[in-house]
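give me a 3D structure for the following:
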Amino acid sequence: MSSDEDAIQLMAAFKKGGTAQTGASASKSKPASAAPPLRRATSQRSSSRTPSPKKQKLKQKRVSIAVENFLSDSSSGEDLDKAESPPKVRRLLQIRPSPVRNRNEYTYYEPRDEVESIVREFTTKGRVMYMVKLEGGATKEVRGAASPSN
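Numbers count the residues shown, from 1 in each chain. The predicted structure is shown next:
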């Protein structure tokens, strides 16, 4: 069955107020009269009240929407599949730093003290500090890099 035939049946169903059925689907399903009619839920108000004039004007001004306005020959179901799916979220799994370009521009600092071992590691005001034991037997506090904020 072509999409044109489907569109014609759909428009006919809207005009009739029921459902349009064709061929095999019509013989398998129940007739429209067997199903209870659908009704909108209404609020329980006393029958003595009448709607205000503004509400009456709004009811009179309602415009029916034609189905033909939404159907076109260029439209297909493939376009809807692409539009309905949200874009995929891409997450960065790792960071690769760019390689060093000019190694000669980096400054090398000669070590001043020789460290035997790290005695203690602690954090003060967001900075990592180390208490190290130097080769001569003395201890010294050395400031490390800033700790990452969580």
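
quick check: which ranges of this structure have low pLDDT?
Low-confidence segments of the chain (pLDDT under 70): 1, 18-83, 145-150.

again, only using 50
Low-confidence segments of the chain, defined by pLDDT under 50: 20, 24, 26-27, 29, 150.

strands along that one, start to end?
Using DSSP state E, the strands of the chain run over 115-124, 127-134, 139-146.

and of these, who's closest to Ile95?
When these are compared by CB to CB, strand 139-146 sits nearest Ile95, at 16.7 Å. (C-beta placed from N, C-alpha, C; glycine too.)

mind putting the strands of the chain into CSV with distance to Ala7?
Listed next are the strands of the chain as CSV, based on distance: least, CB to CB, whole Å:
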stretch, distance to Ala7
strand 115-124, 70
strand 127-134, 70
strand 139-146, 66
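
which of those is buried the deepest?
Stretch with highest mean neighbour count among those: strand 127-134 (a mean of 14; mean count of other CB atoms under 10 Å).

give me the helices and strands touching that strand, please.
Applying 3 or more CB pairs under 8 Å, 6 or more residues apart in numbering; DSSP states H and E, one finds that strand 127-134 makes contact with strand 115-124, strand 139-146.
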